[in-house]
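Q: Output the structure for:
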Amino acid sequence: MKIKHKMKFRIKLSYTTGDSFGSESTRDYLELEWDIIEVAKDNLQRIKEHYKMYRDLNSYSYKKKSKDEIFAENKEKSWFVYSPKLFSKNGEAITQDTANKIGRDNYIIKPDEHLGTYCLKLIADNGNEMQISAFWCGYFETLHSAEIEFDDSDIRIEF
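A: So this is what the prediction gives:
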């Protein structure tokens, strides 16, 4: 009896992580897997674009754009996690009640900075979006590569 093997694709990330006392190179896989290689490739591109934004946000370049400018450039992208927050003109976070009291001309709407920076949306095989935490982004983390592998766990054994 022949069994058809359905190949699963997954994304492996190679990055450096650590703490104040040291760092180490490591590899980890996303929890999502895909049957459709094109969807996995699309998600790889989403990771690339998100990480570019993350680097731009954390750049020390003298030509650095503001966080608001960087978020404005990316908030319409399909991978961006946009969760609007209300702020007074002086930069304080406010509630909807306060916004109603002070009037539309006296507050601004900006993306939630944490979600925009440390989360992204990936696509499942069925087209549904999945929000994930970008564990390769952080003060001590540096992403080196991301690649698609096929899950070969059932064609290899170790003794």
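Q: List the buried residues for stretch 96-108?
A: Buried residues in stretch 96-108, defined by neighbour count with 16 or more other C-beta atoms under 10 Å: 99, 107. All C-beta spots, glycine's among them, are computed from the backbone N, C-alpha and C.
Q: What of stretch 21-34?
A: Buried, per 16+ other C-beta under 10 Å, within stretch 21-34: 30, 32-34.
Q: List the contacts of the nearest residue to Cys119 once chain neighbours are set aside.
A: Spatial nearest neighbour of Cys119, chain neighbours left out: Val81 (4.4 Å); criterion: C-beta to C-beta, 6 or more residues apart in numbering. Val81 makes contacts with 111-112, 115-116, 119-121, 131, as judged by C-beta atoms under 8 Å, 6 or more residues apart in numbering.
Q: Next, give phi and psi for Val81.
A: phi -90, psi 100 (degrees, to the nearest 10).
Q: Quickly note the distance from it to Asn43.
A: Distance, Val81 to Asn43, by C-beta to C-beta, to the nearest Å: 14 Å.
Q: what's the straight distance from one end of stretch 108-124 to the other?
A: 33 Å (C-alpha to C-alpha, to the nearest Å).
Q: pLDDT on that stretch, on average?
A: The average pLDDT within stretch 108-124 is 96.
Q: And the strands in the chain?
A: 9-19, 22-29, 84-88, 107-111, 119-123, 129-133, 142-150 (DSSP state E).
Q: Quick one: list the elements packing against the lengthiest helix in the chain.
A: For the chain, the longest helix by residue count, based on DSSP state H, is helix 37-57. Helix 37-57 is packed against strand 9-19, helix 67-74, strand 119-123, strand 142-150, with contacts defined by 3 or more C-beta pairs under 8 Å, 6 or more residues apart in numbering; DSSP states H and E.
Q: looking at those, which is buried most?
A: strand 119-123 (a mean of 21; mean count of other C-beta atoms under 10 Å).
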